[in-house]
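K.L.:
Sequence first, then the predicted structure, then my questions.
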Amino acid sequence: MTCYRKASLLEVRLRSDAVPGKGKSAPRGEITEFTTAARRRMMQMMAKVERVAVPFFVTLTYPDDFPLYREDYKGHLEAFCDRLERRWPGMAVIWKLEFKERKSGENAGKIAPHYHLFVYGVPWEFPGKVEHGKFYTLDVTREPGGMAHWIEAGKASDGSRGRAWYVSDQEPVNPKGPTGDVWGPDSFINWVSRNWFDVVGSNQIRHFQAGTRVEKLKGVRGAYAYAAKRYVAKEADMPEMEHKPGRFWGVIGRKNLPFGKREVREVSAKEAVQIRRFMRRYRWANTPPEKRKFLRKSQLWSQDFTAKLFCNVEFWLERLLKLIEALPEF
């Protein structure tokens, strides 16, 4: 039995040396869809993260003329995350790629990519600093009388400028930076917006204004259940595509993910069967009646006796010792 303390994954399985052929895997072929196995692996990765570590949920989209970026969208994600890592070296990202048909515009009916990101290790607000990207600027200006404020703007090819406003009218919060004084806070929402706009290079002010979304989730239930199940890990029918997109999800900055402490204990076959029965009953009891018809045995265990459950591990460990006789403490 394996668990991740203070996280959400509990697993019971046979030892690898007890499963014939265990450890051998077939060569991976071309990836053409987000499979059930890929969905399961992504959710297991999220379940290993400590429950107190609540990420920001970020959505990155493309403008209407997205076919211009069809060959570069994986490079855009890499470039965006490189910027994220340079600004916050301790960050980590679990990303998911999705495709949807455009409902309107000149490319209505065509397939466009977008990304969902779970971002760990970054602040919601932070001291601002002057930035000058290729397609945007974030600068400080001073009015008569000494008042200073931030102005953020995106630059379009036609000379228009989007989103210009006062970020703060406060006194300097950090006397450092390129200008000598840093005035007021910056926000992760604004940082994502201008940096994704700069990476894509669309030159469209509307994309600068509405090409991203950042949600501040309330807790692990929001991060794991709400975001992963309803948005990121849903099993939607894949639209027909002219090319093979490769991986649909991945991790950047894995070493920085706040995983729970992994603990392993051997249990007897009798105890393992009891644990699996508790898992099955727990899952049934926590599934709405109208959705219980979708539960299958294959969702809880496989032929090699493996059973996995996404749950509050500490809650379970407190009760397993009372439910199962002769099961030592972890």
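P.N.:
Now that the structure is in, tell me what you want to look at.
K.L.:
C-alpha from now on. contacts and neighbour counts both.
P.N.:
OK.
K.L.:
Give me the contact list for stretch 308-315.
P.N.:
The contact list for stretch 308-315, computed with Cα atoms under 8 Å, 6 or more residues apart in numbering, reads 3-12, 44, 47, 279, 300-301.
K.L.:
at 7 Å instead, please
P.N.:
3-12, 47, 279, 300-301 (Cα atoms under 7 Å, 6 or more residues apart in numbering).
K.L.:
Could you do stretch 34-47 as well?
P.N.:
Contacts of stretch 34-47 (Cα under 7 Å, 6+ apart): 7-9, 233, 248, 310.
K.L.:
Domain-wise, how is this protein divided?
P.N.:
2-31+259-323, 131-186 (automatic domain parsing).
K.L.:
By mean pLDDT, show me the worst of the ones you listed.
P.N.:
When those are compared on mean pLDDT, domain 131-186 scores lowest, with a mean of 58.
K.L.:
From one end of that domain to the other, what's the distance?
P.N.:
11 Å (Cα to Cα, to the nearest Å).
K.L.:
i'd like the first residue to be 235 from this point on
P.N.:
I'll keep to 235 as the first residue from here, and by that count the last item is domain 365-420.
K.L.:
ok, which stretches of the stretch 385-534 of the chain are strands?
P.N.:
395-396, 406-408, 416-417, 419-421, 446-450, 483-486, 495-498 (DSSP state E, counting those that start in this stretch).
K.L.:
what's next to the last one, contact-wise?
P.N.:
Under the contact criterion Cα under 7 Å, 6+ apart, strand 495-498 has outside partners 235-239.
K.L.:
Just send those back as JSON lines, with distance to Ser436, secondary structure and neighbour count too.
P.N.:
As requested, the contacts of strand 495-498 are arranged in JSON lines below (distance: Cα to Cα, whole Å; DSSP: H, G, I helix; E, B strand; the rest coil; neighbours: other Cα atoms under 10 Å):
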{"residue": "Met235", "distance to Ser436": "50", "secondary structure": "coil", "neighbour count": "20"}
{"residue": "Thr236", "distance to Ser436": "47", "secondary structure": "strand", "neighbour count": "16"}
{"residue": "Cys237", "distance to Ser436": "46", "secondary structure": "strand", "neighbour count": "25"}
{"residue": "Tyr238", "distance to Ser436": "43", "secondary structure": "strand", "neighbour count": "22"}
{"residue": "Arg239", "distance to Ser436": "45", "secondary structure": "strand", "neighbour count": "21"}
